[in-house]
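S.K.: just need the structure, nothing else, for what follows:
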Amino acid sequence: MALPPILSWEGLGLQQGGRWLFGGPDTGGIDVHIGPRDRLALIGRNGAGKTTLFRLIDNRIEADRGIRKVKPGTRVVMLEQEPDFTGCDTLMDFALRGEHPPAQYEVEAIAGQLGIDMTTAAAGASGGEKRRAAIARALAQEPDVLLMDEPTNHLDLAAIDWLEDWLSRYKGAFMVISHDRTFLKRLTTATLWLDRGSMRRKDVGFGGYEAWEEQVYAEEARAAERLDARLKLEAHWLERGVTARRKRNQGRLEKLWQMRAARAAMINPQGTAKLQLAAGTEFKSKSVIVADKIGKSYGDRKVIRDFSLRIQRGDRIGVVGSNGAGKTTLLKLLTGEIAPDSGTVEISPKLAGVMIDQQRSLMEPDRTVRQVLAEGGDWIDVGDTRKHVQGYLKEFLFDPAIVDAKVGTLSGGERSRLLLAREFARKSNLLVLDEPTNDLDLETLDLLQEVIADYDGTVLIVSHDRDFLDRTVTITLGLDGTGYVDVVAGGYEDWEAKRTRKMSKPAKASGAQRSADSTAPAPQKESKKLSYKDQRDYELLPERIEELERAIARGEEILSDPELYAKDPQRFANISQGLEDARAEKDAAEERWLMLAEQVEG
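M.R.: Below is the predicted model:
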């Protein structure tokens, strides 16, 4: 039996700029209920009002309508996306300020586990240090309801792992806004979807969100077609083409797996010599960057040791590791921004790079969107094609009407998306992305993955977003802080699997052996013997999936009759329910078969 909520908003409505952000009078408002152990993902496009909803739940702003109910004694704490450190000399000053500050020893205990010195001056602290200080402050308050707005932004992998572990043991309720799919899948058990001013809830974690989203959009599309309404021309779900985009992305993922397999063949022991090629015909025709036994030190610390890699045209390289492990140094070495202390880096003279850094330094707040994209004009050159600036904005999920808005009025996510639109228009054959997923919503991440997949040149990505790397890169360079770099064909999961295997083995006897291992491939996954039931499912599910596809096609054909509902509403309802059940069974069958296929094929 479900426990009663400890916090709720009923009939919630809020106006912004003369329009209802959500819950207008015609909709009756939105309802939000938080139970004592809820693990909620809050999903919605940038601008949908997710952060505003957090502020309403935390009672920081007043609603225009609705009733807020809170169980007496409930402590609500909000971890903001961009906490304000104004007036704080140190990180500890920030942690202890406020009406109900936490105990200092509690802050210090959590900060110690996160590896952050709270005596650090706030003015000079990095984004990662400020984020960990904000987490220590929030968790030390022992909240009953914890609201987290992009909690993994600026965190390294070790800090993300720590936070996931803490939340898995947390006895209160939390709601989280995040672009980090892996984080959401691991922790959430229910999803709130804020969409076009309304709120939907489904008691399924983020892992089931995309199937639910596609089902809702498909149902709306069919309803619009039956009503012959202008909705089918205007609604966002139709412009986005959810189903079509997913199918395209499946094709891109298949291509990505093929590229990974090809690079794995080059990285294996038989192909190691190819990594050492010097300049010449082979270099000019295929390679864009060749690093040969490079090293870099700062003082007594070896940041990069004896690293070799040949980067080919079209490679997508992911760079991962803890903060301070040397990711930025490695990136600068590979792009020629700094020189190695030992070894050589040869860069193709035809390489023309575009750098998109995490500081978003090009976005001047007083410039308009039109000035940023088209120097104030109506047209923008995208590669060799000239496009109207408003049409180009639509490609990056913007309302064309914002073309004369100032950059300073855009949200953090919109500014990041605008920067991507600007930089991807420039001619280049090397793209360098430093934490590109910060401040982006899930739809923009999907778009960014598409753009990277279709990009003709080479891509270097530094990111802590595990799912993003798994969907985009062909090679992962993993830094462990000792100066050695693991080269793994594949994404984050492939590197993590190799790291886990290495940790379970005795350490190498010498640096030379470690370096040789850095260019060896991740061992192939062993095929797993299936149980009798699993083997039967593996053999029979493809046939069942085909049966369901035929049943779905028949049902959709019957429902295409515009007069069916009027003639026989009960039959219409039965077929609609049958279609919903068939689609759900098909999705589950496909997931099950793919899981078994991975075990069989290793």
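
S.K.: which SS state does Gly13 fall under?
M.R.: The assignment at Gly13 comes out as strand when based on DSSP: H, G, I helix; E, B strand; the rest coil.

S.K.: gap between it and Gly24?
M.R.: Using CB to CB, to the nearest Å, one obtains 6 Å as the distance from Gly13 to Gly24. C-beta: built from backbone N, CA, C; applies to glycine.

S.K.: same check, this time on Asn574
M.R.: Distance, Asn574 to Gly24, by CB to CB: 34 Å.

S.K.: one more: Ser178?
M.R.: Remark: distance between Ser178 and Gly24 (CB to CB) = 27 Å.

S.K.: comparing these two, which residue is more hemmed in?
M.R.: Applying other CB atoms under 10 Å to Ser178 and Gly24 shows that Ser178 carries more neighbours, namely 23 against 18.

S.K.: surely Arg132 touches Leu114?
M.R.: Yes - with contact defined as CB atoms under 8 Å, Arg132 and Leu114 form a contacting pair (4.5 Å).

S.K.: okay, and the common contacts of those two?
M.R.: Each of Ala159 lies in contact with both Arg132 and Leu114 under the rule CB atoms under 8 Å, 6 or more residues apart in numbering.

S.K.: between these two, point out the one with more neighbours.
M.R.: Between Arg132 and Leu114, counted using other CB under 10 Å, the more crowded position is Arg132 (28 against 21).

S.K.: ranges for the helices of the stretch 51-200 of the chain?
M.R.: Chain-ordered helices for the stretch 51-200 of the chain, with DSSP state H, counting those that start in this stretch as the definition, fall at 91-96, 104-114, 127-140, 157-169, 181-187.

S.K.: dump the ones you listed into JSON lines; add mean pLDDT and distance to Asp399 as well.
M.R.: As requested, the helices of the stretch 51-200 of the chain are arranged in JSON lines below (pLDDT from 0 to 100; distance: least, CB to CB, whole Å):
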{"stretch": "helix 91-96", "mean pLDDT": "96", "distance to Asp399": "36"}
{"stretch": "helix 104-114", "mean pLDDT": "93", "distance to Asp399": "39"}
{"stretch": "helix 127-140", "mean pLDDT": "94", "distance to Asp399": "29"}
{"stretch": "helix 157-169", "mean pLDDT": "93", "distance to Asp399": "33"}
{"stretch": "helix 181-187", "mean pLDDT": "94", "distance to Asp399": "26"}
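
S.K.: tell me which other helices or strands the helix or strand hosting Ala566 touches.
M.R.: The secondary structure element spanning Ala566 is helix 564-567 (assigned by DSSP states H and E). Taking 3 or more CB pairs under 8 Å, 6 or more residues apart in numbering; DSSP states H and E as contact, the helices and strands that helix 564-567 lies on are helix 569-601.

S.K.: before we move on, back to that, and the helices of the stretch 51-200 of the chain as JSON lines, adding distance to Gly205?
M.R.: Below are the helices of the stretch 51-200 of the chain laid out as JSON lines (distance: least, CB to CB, whole Å):
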{"stretch": "helix 91-96", "distance to Gly205": "31"}
{"stretch": "helix 104-114", "distance to Gly205": "25"}
{"stretch": "helix 127-140", "distance to Gly205": "22"}
{"stretch": "helix 157-169", "distance to Gly205": "13"}
{"stretch": "helix 181-187", "distance to Gly205": "7"}
